[in-house]
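A.B. asks: okay, structure incoming, though there's no sequence with it:
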Ligand code: HEM
């Protein structure tokens, strides 16, 4: 019976003593990913904790994670049956849904849509690139305006709008101004999404916390509202697309998804999955990318010599009379190295979206029952001293060989997009965005820290780690270019 099986399983997995009712919730602290790594030193890379009423297996380090997500890919491809997950994307999320035939089809539709609008052919590549160039040049203008008269400013919202605009342009063929109040308000609310669905969030593992006033109840209420708001925003756009749909002309990703789900051959997805897919793409593609851009800028002002070296290389490749392009990427390995090092060093998605086991599975001789919640500690891979020399040091050059070429073995060792069946499907567009945004920003501007500010690497914990508010200023580097748009 389940009780006997659980008992046997509990004896086998190491882990800290779990208190009645709360389990180990009080031990997680403000930075659960660091706690998970510290616990791994004591209990090994595969151990068990208890949060409220859930036994949770925590996986740390490359070997254990690879063993689970690659060697037992299907068994570890599930998502827990958390109530909060059902609030996402009108209940038709692909990211927050358990492993099933329908999920596979859903993921395939989303994956091929992303490919079709970013890298399928030279025309789509160009269109994708133009969206980013437009946003990057807008950012240059906004940053210079906010730096007028020696002012310093916090760039968070501007990056949020820029990243949201790229994904909105892909999904709806429409972008929004930095001053669009309604859009900005929606994005500010979305910022809080990751508080609830991150590993260690208590909403799902202690459901009784929702029955009386407390901070967790407030967070969850807010989470439900923001999911409704973003879903309503997307649904409205999808309805407009449906009403003006023309099978001869695919205007954007919404049209492409309508075409496959509503007009393609039966794939088991009802028309509600259109809104679900678009909401997922906007949600997944906005917060993650804008957080990466924020960290990149923070690190550039923290390490001015790295900023200067990047500018020198960008000038060498693009010159001063044209903007850098995605084509220049193969000649600008140092910028890619800087991006990989930012992802490794900050590990700003420290733990993936929680997984669950789809059947009983044995790894490392330990049996884990079906439907066990699994946390994947990505940061532990990126800071493993066996893999990385001085992991606590920020050093983009670690990714370059003696000829200045990117070391593929090392870049693929960075774990920020997860791996296996649930691996992120937006990794290529995210990296292309990070590259082009910063190639253009650094070509056009120099950035510096506010002199009265002690720039820290402190952050708030959630699905993404967000840097605490910091202020910078931008100065133009010679004549401004408009990229011909
Ligand atoms: C899932 C990271 C950008 C779409 C994920 C996961 C991570 C991740 C860690 C969870 C994997 C797991 O649970 O094992 C990132 C990072 C990004 C980024 C670091 C930016 C730097 C994007 C973009 C898109 C996207 C731009 C699409 C436009 C998705 C989707 C999933 C996902 C749809 C769910 C996959 C599934 O559950 O099958 N991402 N992501 N992501 N990501 Fe991303």
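C.D. replies: The structure has been received and is ready for your questions. Everything numeric in this text was worked out from a predicted model, so none of it was measured.
A.B. asks: give me the residue from this structure nearest the ligand.
C.D. replies: Of the chain, the residue with the smallest distance to the ligand, taken as CB to the nearest ligand atom, is residue 426 at 2.1 Å. In short, each C-beta sits where N, CA and C put it, glycine included.
A.B. asks: wait, residue 144 touches residue 447, no?
C.D. replies: No - if you go by CB atoms under 8 Å, residue 144 and residue 447 don't touch, sitting 11.1 Å apart.
A.B. asks: on that earlier part again, show me what contacts the residue of the chain closest to the ligand?
C.D. replies: If you count contacts by CB atoms under 8 Å, 6 or more residues apart in numbering, residue 426 has them with 114, 281, 284, 285, 288.
A.B. asks: which ones among those are found in helices?
C.D. replies: Within the contacts of residue 426, residues falling in helices by DSSP state H are 114, 281, 284, 285, 288.
A.B. asks: measure the most centrally placed residue in the chain to residue 214 for me?
C.D. replies: When the chain is reduced to its mean C-alpha position, the nearest residue by CA atoms, centre = their mean turns out to be residue 288, at 3.3 Å. According to CB to CB, to the nearest Å, residue 288 and residue 214 sit 29 Å apart.
A.B. asks: now do residue 165
C.D. replies: Distance, residue 165 to residue 214, by CB to CB: 37 Å.
A.B. asks: and what of residue 63?
C.D. replies: Note on residue 63: its distance to residue 214, by CB to CB, is 39 Å.
A.B. asks: now swap in residue 372 and tell me
C.D. replies: For residue 372, the distance to residue 214 equals 27 Å [CB to CB].
A.B. asks: quick one on the thing from earlier: restrict the ones in helices among the contacts of residue 426 to contacts with the ligand.
C.D. replies: Filtering those for proximity to the ligand (criterion: CB under 6 Å from any ligand atom) leaves 114, 281, 284, 285, 288.
A.B. asks: just give the number of residues close to residue 273.
C.D. replies: 26 (other CB atoms under 10 Å).
A.B. asks: and residue 398, by the same measure?
C.D. replies: The burial count for residue 398: 18, using other CB under 10 Å.
A.B. asks: where does pLDDT dip in the stretch 301-450 of the chain?
C.D. replies: Counting by pLDDT under 70, not a single residue of the stretch 301-450 of the chain qualifies.
A.B. asks: which parts of it sit against the ligand?
C.D. replies: Within the stretch 301-450 of the chain, the residues that sit near the ligand (CB under 6 Å from any ligand atom) are 349, 352, 353, 416, 417, 418, 422, 424, 425, 426, 429, 430.
A.B. asks: where do the helices of the stretch 151-300 of the chain begin and end?
C.D. replies: 156-172, 181-190, 193-197, 215-243, 253-263, 272-302 (DSSP state H, counting those that start in this stretch).
A.B. asks: what are the buried residues along the shortest one?
C.D. replies: Right, helix 193-197. By neighbour count on 16 or more other CB atoms under 10 Å, the buried set for helix 193-197 is 193, 194, 195, 196, 197.
A.B. asks: same check on stretch 206-214?
C.D. replies: If you call a residue buried by 16+ other CB under 10 Å, then stretch 206-214 has these buried ones: 206, 209.
A.B. asks: also stretch 367-379?
C.D. replies: Buried residues in stretch 367-379, defined by neighbour count with 16+ other CB under 10 Å: 368, 369, 371, 372, 373, 374, 375, 376, 377, 378, 379.
A.B. asks: how about residue 224: what's its closest non-neighbour residue?
C.D. replies: In this structure, residue 224 finds its nearest non-sequential neighbour in residue 87, 5.3 Å apart by CB to CB, 6 or more residues apart in numbering.
A.B. asks: can I assume that neighbour sits in a strand?
C.D. replies: No - judged by DSSP: H, G, I helix; E, B strand; the rest coil, residue 87 forms no part of a strand; its state is helix.
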